[in-house]
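# Got a sequence here, can you build the structure:
(one chain, ligands or ions: 1)
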Amino acid sequence: MSLLQQLLALHRVDVQVRSLRSRLAQADHYLATQQKQLDDLVAQRGDVELQKKQLQAHVANMEMESKGISDRVARLRSDLNQSANTKQYNAVLQEMKSVELQKDELDEQTLAQMERLEQIAKRVADFETVISDRQSLREKALAEREERHRDTAERLGELERERATAAGLVPADSMVRFDEVAEMHDGEAMSEVEVISARHREYSCSACNTEIPFAVYARLLGEGGGIVQCVNCHRILHLPAEAEATATKKR
Ligand SMILES: [Zn+2]
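All right, here's what the predicted structure looks like:
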């Protein structure tokens, strides 16, 4: 088997290995995305829950303060009833009015905070639905990922062994070159030379359409042995099947 035939055999199995790995990577990525979105939602809910707790404590303090003021008003009312003279009566009445005013203000503020608390409680509750939906999506993604790994594990193992065998036949320096180009083009390491016009000796790289000089084509036709790359896209060039068969007979 010539070097190019070895590389083509390697390429055929390499493409399949890459395709399967990419399918697995997609499933992994989808699961990771779902997990990340779920984690973000749980963190957001945590923030809102904390706000809720802090506000609850604040409202409880305000209610306690209001109760203290009510007690004070009650004491003042009893003082009022027991006041000895008008002067004392008026003084107590004045104080009572001022304290009642204070209480009204506080109660108004408390009410506003309670309304805020209600809104926050609603936001916490809303998170439940969204999180539960996201959990279902994550479960589905997890199941899909596991199914995909299970389904492809055996086939991928086979292909990886085939690839190793094919790679074992390729000389080390050519292997390095193949891997470099394969990485560059997402597995598309090889490109067939397209014969535009044999009569006019016009050829091109079928992957990137760059013109291939006749000298390069002639190297592929000849004994060669080395790798010939497209000057533009660097893919490893090979002859069309028919031209290869004819060239093999002549060699
Ligand atoms: Zn090219």
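# how about the strands in the chain?
Taking DSSP state E, the strands of the chain run over residues 190-197, 202-205, 211-212, 236-238.
# May I see the buried residues of the first one?
It stands for strand 190-197. For strand 190-197, the neighbour count (16 or more other C-beta atoms under 10 Å) marks Met190, Ser191, Glu192, Val193, Val195 as buried. Glycine gets a C-beta too; all of them are placed from N, C-alpha and C.
# So the closest residue to Ile131 other than its chain neighbours versus Glu144, what's the distance?
Of all residues beyond its chain neighbours, the one nearest Ile131 is Leu41 (5.1 Å), with distances taken as C-beta to C-beta, 6 or more residues apart in numbering. Going from Leu41 to Glu144 by C-beta to C-beta, to the nearest Å gives 20 Å.
# Tyr203 now?
Separation of Tyr203 from Glu144 (C-beta to C-beta) stands at 45 Å.
# out of the two, which sits in the more crowded spot?
A side-by-side neighbour count of Tyr203 and Glu144, using other C-beta atoms under 10 Å, places Tyr203 first with 22 against 14.
# Go ahead and confirm the more buried one touches Glu192.
No - in this structure, Tyr203 is not within contact of Glu192 by C-beta atoms under 8 Å, at 10.3 Å.
# Where does the stretch 1-150 of the chain get nearest to the ion, residue-wise?
Using C-beta to the ion, the single residue of the stretch 1-150 of the chain nearest to the ion is His11, 14.9 Å away.
# swap that for the stretch 51-200 of the chain, sorry
The stretch 51-200 of the chain approaches the ion most closely through Ser191 (5.4 Å), counting by C-beta to the ion.
# how close does that residue get to Ala91?
For Ser191 relative to Ala91 (C-beta to C-beta), the value is 103 Å.
# Next, the contact list for Thr110, please.
Applying C-beta atoms under 8 Å, 6 or more residues apart in numbering, we find Thr110 in contact with Val59, Met62, Glu63, Ser66.
# Got the confidence number for it?
For Thr110, the model assigns a pLDDT of 96.
# got it, and Gly225?
What the model reports for Gly225 is a pLDDT of 69.
# still on that earlier bit, in this model Arg134 seems to touch the residue nearest to Ile131, though I could be wrong.
Yes - here Leu41 reaches Arg134: they are 5.7 Å apart, a contact under C-beta under 8 Å.
# quick one: which of these two has more around it?
Each of Leu41 and Arg134 has its neighbours counted (other C-beta under 10 Å); Arg134 has more, 19 against 16.
# right, and the more buried one touches Gln35 too?
No - using C-beta under 8 Å, Arg134 is not in contact with Gln35, being 9.4 Å away.
# How about the residues of this structure by the ion?
Applying C-beta under 5 Å from the ion, we find that the chain lies next to the ion at Cys205, Ala207, Cys208, Thr210, Cys230, Asn232, Cys233.
# could you flag which of the contacts of Thr110 are buried?
In these, burial by neighbour count holds for Val59, Met62, Ser66, counting by 16+ other C-beta under 10 Å.
# How much space separates the closest residue to the last one other than its chain neighbours from Asn61?
Counting by C-beta to C-beta, 6+ apart, Leu106 is the residue found nearest to Ser66 once chain neighbours are left out, at 5.3 Å. Relative to Asn61, Leu106 is positioned 11 Å away (C-beta to C-beta).
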